[in-house]
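**Student:** missing the sequence, but the structure's below:
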C-alpha cells in the first residue's frame, strides 16, 4: 500500500528499504506538498490582497478544508459508536422527574410509577408548559428511575455513614 502510494506520487525509493523508511519518505513528501500549497496560497493572497481582500481568506479556507475541518482534533467532535447520536433529557425534564420521585418520599401513597410520570409530563405539554419533543419515552423514564434510585440510595448511605462517624467522634 505504501509502495503503491509512492509510485502514484512518482517518488523514487529502494526496493530493499524497510516499511518505516518508506513511511518516513512518504510523510516528508506529503509535508513538503502541503507546505508548497500553503505558500502558493499565501503568494496568491499577497498578489490579490491589493486587488481583492476577501480571496485571501477563501484560498486559506480551501487549503485547510482539503486536509482538516475546523475542530478536527477536539475530543468533543470525536464520535465512537452511537455516542452523541441520541436525544438527551433536558434539565427541566430531569427536575420534574426528580420532584415526582421525591413526592413518594414524603407520602408513600403519592408514589409515582414511570407511567404516572409520563402521564404527568404529557399533561404539562397539553397545558403548554413543555414541548412534545422534550417528553422522553416510557423506557427512558424507567431507566432514569433505576439509575437515580441507585444514586439516591448511595448518597443517603454516605450521609448516614458521615453522621454516625461524626457522632462517634463527638462522644
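**Tutor:** Sure, I can see it. Small disclaimer: the values here were computed from a predicted structure and weren't measured.
**Student:** can we go C-alpha only for contacts and neighbour counts from here?
**Tutor:** Will do.
**Student:** Can you name every helix or strand that the biggest helix by length in the chain contacts?
**Tutor:** Secondary structure assigned by DSSP state H gives helix 138-170 as the longest helix of the chain. Helices and strands touching helix 138-170, by 3 or more Cα pairs under 8 Å, 6 or more residues apart in numbering; DSSP states H and E, are helix 114-127.
**Student:** if you set the cut-off to 10 Å instead, what comes out?
**Tutor:** Under the contact criterion of 3 or more Cα pairs under 10 Å, 6 or more residues apart in numbering; DSSP states H and E, helix 138-170 touches helix 91-106, helix 114-127.
**Student:** Out of the ones you listed, which gets nearest to residue 160?
**Tutor:** Residue 160 lies closest to helix 91-106 among these, at 16.6 Å (Cα to Cα).
**Student:** Residues in contact with that closest one: which ones?
**Tutor:** Contacts of helix 91-106 with the rest of the structure, by Cα atoms under 10 Å, 6 or more residues apart in numbering, involve 108-114, 116-118, 120-121, 130, 134-136, 141, 144-145, 148-149.
**Student:** which of these are buried?
**Tutor:** 112, 114, 117-118, 120-121, 130, 134-136, 141, 144-145 (16 or more other Cα atoms under 10 Å).
**Student:** Deepest in the core, which of the helices and strands packed on helix 138-170 is it.
**Tutor:** Comparing the helices and strands packed on helix 138-170 by mean neighbour count (mean count of other Cα atoms under 10 Å), helix 114-127 comes out on top with a mean of 16.
**Student:** re the thing from before, CSV please, covering the buried ones among the contacts of helix 91-106 and showing distance to residue 161 and pLDDT.
**Tutor:** Output for the buried ones among the contacts of helix 91-106, formatted as CSV (distance: Cα to Cα, whole Å; pLDDT from 0 to 100):
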residue, distance to residue 161, pLDDT
112, 28, 90
114, 30, 93
117, 32, 94
118, 35, 94
120, 35, 93
121, 36, 94
130, 39, 88
134, 38, 88
135, 37, 92
136, 35, 93
141, 30, 94
144, 26, 94
145, 24, 93
